[in-house]
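[1] Below are the sequence and a predicted model for it; my questions follow.
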Amino acid sequence: MVTHDIARQLTEISHDINRQVGLLVSRRGEVVYVIVGSYRGILIPSLDAFPAASTRFRGLRLIHTHLSGEDLSTDDLMDLALLKLDLVCAIATDENGLPALAYTAHLVPENPDGQYWLKLPPQRPSEMDLDFLAFIQALEGEFAGKQKTRKVGALDRAILVRTETNSRVDGEASLDELRELARTCGVAVFDAVVQHRLQIDPKYVLGKGKLPELAIKALQMDANLLIFDHELSPAQVRSISDVMEMRVVDRTQVILDIFARRAHSREGKLQVELAQLKYLLPRLVGKNPALSRITGGIGARGPGETKLEMDRRRIRERIHRLEKEIQAVAQARDQRRAKRGKAGLPIISIVGYTNAGKSTLLNVLTKGTAFTEDLLFATLDPKSSRLRFPKDREAIITDTVGFIRDLPPDLFTAFRATLDELKEADILLHLIDISGPHFEMQMEAVEKILQDLNMDKKPLLRVFNKIDRFPDSDLLVTLCQRYNAVAISALQPATLPGLLEKLESYIQ
């Protein structure tokens, strides 16, 4: 790990200059960096030339001095975790400048105790006889073995992260929804982390002390993606990525990705592209730090800046063109709505939280074939069909895009034309997934969006869906009375006559 001669040279120099001195040593025993710090600590240089992998550490061990004879510091352990070092060793310097005890720690694989690192018993450098190369290879083998137990086919393997500032809320409901969003994107979720804080950290969202734990957890589990249950600013994404050396995305990006997968109509694709570009524009910086305007100074002007400005200008021009195209599509939609209005048929719009079963209900009521799947945002493109009631009365029934809590503003704006379809509705049928534990929160979120769209004055019929998954029939009766709702299962046609009767009475 370290020879007695090297340890003595380090402590003598450190004692003479009254500063910590460190070495970064490769597995071949080569000294890659010599670091001179202050009395209290050292600053490790960029290690981009020594990449770490999911099953492999950086290939460097840190050996440095401590002038006050203390154990490994929090900074030492953070460096070990965030930089994925092979190990870190602090050699205490006595009053004569000679090596005292050496304090050593290394990372450990995933374990039931939730332990992230292991501190070895303190030893004098002259007593250290560990075969370091055999040890580190065996340790990496243990990491790889643990990771194999959870190997999945997904390309993206994520840890979900949320900072909760309300002490009365545990944040689990929000993370459950984020987990479903990730599943819809084809992401394998390995773990979820909630940190309670008085306020969100402006730079890292989490406290910086939580990041090393996340880094080790990701290494232990072979995760390669962090998904934050917040909308992150461009600066926050950069700060977290720089520290974690992992891809970092936020909730908005996940929703945008789902919309991009689900959009099939021309209008849907236009709306998604517009939302993506509006999200991308403020986050566009040069890939090379030397070409980024943000860095300033020498070398930050010239062709690099011009290229960046050209990209931004192209995006602004594309946004302008998309807004015009969406406006033209909206006018065509208005004309179709006008034709429907001339037909004199009442219009029923199904609204509800995403994955509440709207498309399934539309198919059952109209014998249609709209796409259905147990995924969030399976439907993006509105679909209208004729609904014939038992008494030969007819109506137009429309399926709309599902709502979600804290819908990203750019998406809300982009899909405004689609949501305007609701303005022509005579009745809003609010479909609610009663089987979910958070159905009341989802119900409030939908009705808040309707209020924002100035549609809260329209007649609204609440319908509790998926009663086949709701075991307590007495509680169901109570909830129907409390919320003046009709209970159905879209998969069981025998439960629908009550809904049709209620709808017909609304139309009359």
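    That came in fine, so what should we check first?
[2] shouldn't residue 492 be in contact with residue 466?
    No: when contacts are counted by C-beta atoms under 8 Å, residue 492 is not listed as touching residue 466 (9.9 Å). Where you see a C-beta, it was placed from the backbone N, CA and C, and this is true even at glycine.
[3] which of the two has more neighbours?
    Per other C-beta atoms under 10 Å, whichever of residue 492 and residue 466 has more neighbours is residue 466, with 22 against 12.
[4] could you check the distance from the more buried one over to residue 495?
    11 Å (C-beta to C-beta, to the nearest Å).
[5] what sits in contact with each of these two?
    Both residue 466 and residue 495 are contacted by residue 489, under the criterion C-beta atoms under 8 Å, 6 or more residues apart in numbering.
[6] On the pLDDT front, check the most centrally placed residue in the chain for me.
    Closest residue to the average C-alpha location of the chain: residue 227 at 2.2 Å, with C-alpha atoms, centre = their mean. Looking at residue 227, its pLDDT reads 92.
[7] and stretch 131-149, which residues are buried?
    Neighbour-count burial for stretch 131-149 flags 132, 136, 139, 140, 143, 146, 147 (criterion: 16 or more other C-beta atoms under 10 Å).
[8] where in the chain is pLDDT low?
    For the chain, the stretches flagged by pLDDT under 70 are 53-55, 150-154, 167-170, 285-306, 336-343, 369-382, 410-411, 413-418, 420-421.
[9] secondary structure element for the closest residue to residue 125 other than its chain neighbours?
    Nearest non-adjacent residue to residue 125, counting by C-beta to C-beta, 6 or more residues apart in numbering: residue 7, 3.6 Å away. Following DSSP states H and E, one finds residue 7 within helix 4-17.
[10] Next: residue 195.
    Per DSSP H and E: strand 188-196 holds residue 195.
[11] Give me the sheet partners of that strand and which way each runs.
    Strand 188-196 has these partner strands in its sheet, going by DSSP bridges: strand 157-164 (parallel).
[12] ok, then the element right after the strand it pairs with?
    Downstream of strand 157-164 (by DSSP H and E), the next one is helix 172-184.
[13] I'd like the distance from that next one to the chain centre, please.
    From the chain centre to the centre of helix 172-184 is a distance of 9 Å (C-alpha atoms, centre = their mean, to the nearest Å).
[14] tell me the angle it makes with strand 188-196.
    Orientation check (axes from the mean of the first three to the mean of the last three C-alpha atoms, to 10 degrees): helix 172-184 against strand 188-196 gives 160 degrees.
[15] who does helix 172-184 touch, helix- and strand-wise?
    Applying 3 or more C-beta pairs under 8 Å, 6 or more residues apart in numbering; DSSP states H and E, we find helix 172-184 packed against strand 157-164, strand 188-196, helix 251-262.
[16] In that helix, which of the residues would be classed as buried?
    174, 175, 177, 178, 179, 180, 181, 182, 184.
[17] Name the residues that touch it?
    Contacts for helix 172-184 (C-beta under 8 Å, 6+ apart): 158, 160, 162, 189, 192, 194, 227, 229, 251, 254-255, 258, 355, 375-377, 404-405, 437-438, 441.
[18] Could you list the domains of this protein?
    Per the record, the chain has its domains at 4-148, 157-258, 265-325, 345-507, by automatic domain parsing.
[19] where along the stretch 1-150 of the chain do the helices fall?
    All helices of the stretch 1-150 of the chain, identified by DSSP state H, counting those that start in this stretch, fall at 4-17, 74-82, 132-148.
[20] The stretch 351-500 of the chain too?
    Under DSSP H, counting those that start in this stretch, the stretch 351-500 of the chain gives helices at 358-366, 409-414, 416-419, 439-452, 473-483, 497-507.
[21] Export the ones you listed as CSV, with columns for mean neighbour count and distance to residue 50.
    Output for the helices of the stretch 351-500 of the chain, formatted as CSV (neighbours: other C-beta atoms under 10 Å; distance: least, C-beta to C-beta, whole Å):
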stretch, mean neighbour count, distance to residue 50
helix 358-366, 22, 51
helix 409-414, 19, 39
helix 416-419, 18, 49
helix 439-452, 17, 47
helix 473-483, 12, 59
helix 497-507, 15, 64
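[22] Tell me which of those sits nearest to residue 325.
    Ranking the helices of the stretch 351-500 of the chain by their distance to residue 325 (criterion: C-beta to C-beta) puts helix 416-419 first, at 10.6 Å.
[23] ranking the helices and strands packed on helix 172-184 by burial, who's on top?
    strand 157-164 (a mean of 22; mean count of other C-beta atoms under 10 Å).
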